[in-house]
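[1] need coordinates for the below:
(one chain, ligands or ions: 1)
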Amino acid sequence: MATANRPARIVVLVSGAGTNLQALIDACADPAYGAEVVAVGADREAIEGLARAERAGIETFTRRLPEFATREEWDRSLAEVVASHEPDLVVLAGFMKLVGEGFLAALAPRVVNTHPALCPSFPGTTGPADALAHGVKVTGATLFVVDGGVDTGPIVAQVAVPVEDDDDVEALHERIKVAERGMLVDAVGRIAREGITITNRKVRFGS
Ligand code: GRF
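    Residues are numbered from 1 along each chain as shown. Predicted structure coming up:
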């Protein structure tokens, strides 16, 4: 993680708008934050997340699943390019693919993912829609350490967000994302500066 001489090295993977990535890039501008985004990767081309990285002068890479014969080959190539940047931490920030065994063998437990629901509720790619359909009054966002499951890993941080009567999926997800960005920046900074310890699924900051 961060030392007196250098900030923690972070690789961020994205698939879309990259507003969580932008929040991290902005936070890293302060040396006291203790982290630096050294590379940004994606599973698709021409997305705003990659454009945000380019505007910030951060190296980017793309690994598209259709360009590989098997999912395992894609996963291995993704792991290799991520590892080549020697990250202290990999942040999946709106990365819409499950990473596989090869990726986790190379990089876990240094991989965290942000999910727009309060885990273990509403895992998968439609968290805000599922929360809305279920009629919950409170949902939120979760940062967790990635394991082999779908949004099942040890929980680093969570933030609660109210569901309003007139919400549609877009309005609810936008409200979640405002809280999610704050949670992500806070928790990633603490991981960078303090490290984390995981004991029986329980995550604590500090090593
Ligand atoms: C976030 O809510 C993330 O949790 C979810 O997709 C959204 C990505 O937003 N998986 P952005 O690309 O960071 O703006």
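
[2] residue of the chain closest to the ligand, please.
    For the chain, the residue positioned closest to the ligand under Cβ to the nearest ligand atom is Gly94, at a distance of 2.6 Å. Placement of C-beta: from N, CA and C, glycine included.

[3] how near is that residue to Ile25?
    Computed as Cβ to Cβ, to the nearest Å, the Gly94 to Ile25 distance reads 14 Å.

[4] go on, Met183?
    From Met183 to Ile25 the distance is 16 Å (Cβ to Cβ).

[5] okay, strands next: where are they in the chain?
    Taking DSSP state E, the strands of the chain run over residues 8-14, 35-42, 59-62, 89-93, 111-115, 138-145, 155-162, 196-199, 202-205.

[6] which one of those lies nearest to Asp168?
    Distances from Asp168 to each of those were compared using Cβ to Cβ; the shortest belongs to strand 138-145, at 13.8 Å.

[7] near the ligand, which residues of this protein show up?
    Residues of the chain lying near the ligand by Cβ under 6 Å from any ligand atom: 14, 16-21, 49, 93-94, 114-116, 177, 180.

[8] let's go with 8 Å and repeat that
    Among all residues of the chain, those adjacent to the ligand (criterion: Cβ under 8 Å from any ligand atom) are 14-23, 48-49, 93-96, 113-116, 125, 127-128, 141, 173, 176-177, 180-181.

[9] now list the buried members of those.
    Listed as buried from the residues of the chain next to the ligand are 14-16, 18-23, 49, 93-95, 113-116, 127-128, 141, 173, 176-177, 180-181; burial here means 16 or more other Cβ atoms under 10 Å.

[10] pLDDT below threshold where in this structure?
    Within the chain, the set of residues satisfying pLDDT under 70 comprises 4.
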